[in-house]
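K.L.:
give me the fold of what follows.
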Amino acid sequence: MLIIGELINSTRKQVRTAIEEQDAALIQRLARDQAAAGANWIDVNAGAFPTDEVERLRWLVTTIRGVTTAPLSIISAESERYAALIPLVKKHAARVVALSLDDRGMTEDMETVWQVADGLVKRLEDDGVPPDHIFVDPLVRPVSTNGEYAMGALRVVEKLTVTHPLVHKTCGLSNVSYGLPKRRLVNQVFVAMAIARGMDSAIIDPLDPRMMASIAAAEALAGRDQFCMGYITAEREGRLAGMG
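P.N.:
This is a model prediction of the structure:
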């Protein structure tokens, strides 16, 4: 499973302060710690600074590249954003996180979410993006606000797995638990459910040992860990300590 570390996000108070004060040491520590814990990519989010987001992102990327590199491109089916980004995606052969979102905005109808996702994949492929460079995000939202959000997103993942087998599926997984107590427990259970439906990437906290252990076990159970060697290696390295 491709793990995208979620911790360098400006909506987190500590990170927002670090960005405002240009505290490079804290940002680099978060990047290093996430990479060491098993994150393949590092998510970089400066969305809390809408008036100078580009400048803040530039500083973050430069700072993080001092200790690790983890480029991430984001695109959605919103016409203006798609038109602006697709030439760059094609020029640099970039991997793409494709948000299941179009000009109509957010919707409660998960069938519409599926239709947007399906259409976006087809559009990207028509524009020359290889299917294995596409990571579709079905927009996981808090189950505390709508009991259908979790299973609805998983149904979209399952349809994508069947219809577009070479396309990857990812999500901001911790969104599912927003507003609930014991959020980490909800996240740990949800990641196993998502892997069973075909999710092969997620934006998560790699410093949560139980989350990482849940992923290792779910990957083995889903048949994506040949001879369970990843799970066994995790145990040998002490990454499953205390999980029995």
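
K.L.:
going forward, measure contacts between C-alpha atoms and count neighbours the same way
P.N.:
OK.

K.L.:
please parse the protein into its domains.
P.N.:
Per automatic domain parsing, the structural domains of the chain span 1-70, 72-202, 208-244.

K.L.:
would CSV of those domains with mean neighbour count and mean pLDDT be doable?
P.N.:
Below are those laid out as CSV (neighbours: other CA atoms under 10 Å; pLDDT from 0 to 100):
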stretch, mean neighbour count, mean pLDDT
domain 1-70, 17, 92
domain 72-202, 18, 91
domain 208-244, 16, 94
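
K.L.:
now residue 229: which helix or strand?
P.N.:
helix 229-236 (DSSP states H and E).

K.L.:
what is that helix packed up against?
P.N.:
The contact analysis (3 or more CA pairs under 8 Å, 6 or more residues apart in numbering; DSSP states H and E) places helix 229-236 against helix 209-221.

K.L.:
all helices for this protein, in order.
P.N.:
Using DSSP state H, the helices of the chain run over residues 13-20, 24-37, 53-64, 79-92, 110-126, 149-163, 183-197, 209-221, 229-236.

K.L.:
how about the ones you listed in JSON lines, adding distance to residue 136?
P.N.:
Output for those, formatted as JSON lines (distance: least, CA to CA, whole Å):
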{"stretch": "helix 13-20", "distance to residue 136": "26"}
{"stretch": "helix 24-37", "distance to residue 136": "23"}
{"stretch": "helix 53-64", "distance to residue 136": "23"}
{"stretch": "helix 79-92", "distance to residue 136": "14"}
{"stretch": "helix 110-126", "distance to residue 136": "7"}
{"stretch": "helix 149-163", "distance to residue 136": "8"}
{"stretch": "helix 183-197", "distance to residue 136": "13"}
{"stretch": "helix 209-221", "distance to residue 136": "19"}
{"stretch": "helix 229-236", "distance to residue 136": "25"}
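
K.L.:
closest one to residue 44 among those helices?
P.N.:
helix 53-64 (7.3 Å; CA to CA).

K.L.:
and the closest one, what does it pack onto?
P.N.:
Counting by 3+ CA pairs under 8 Å, 6+ apart, helix 53-64 packs on helix 24-37.
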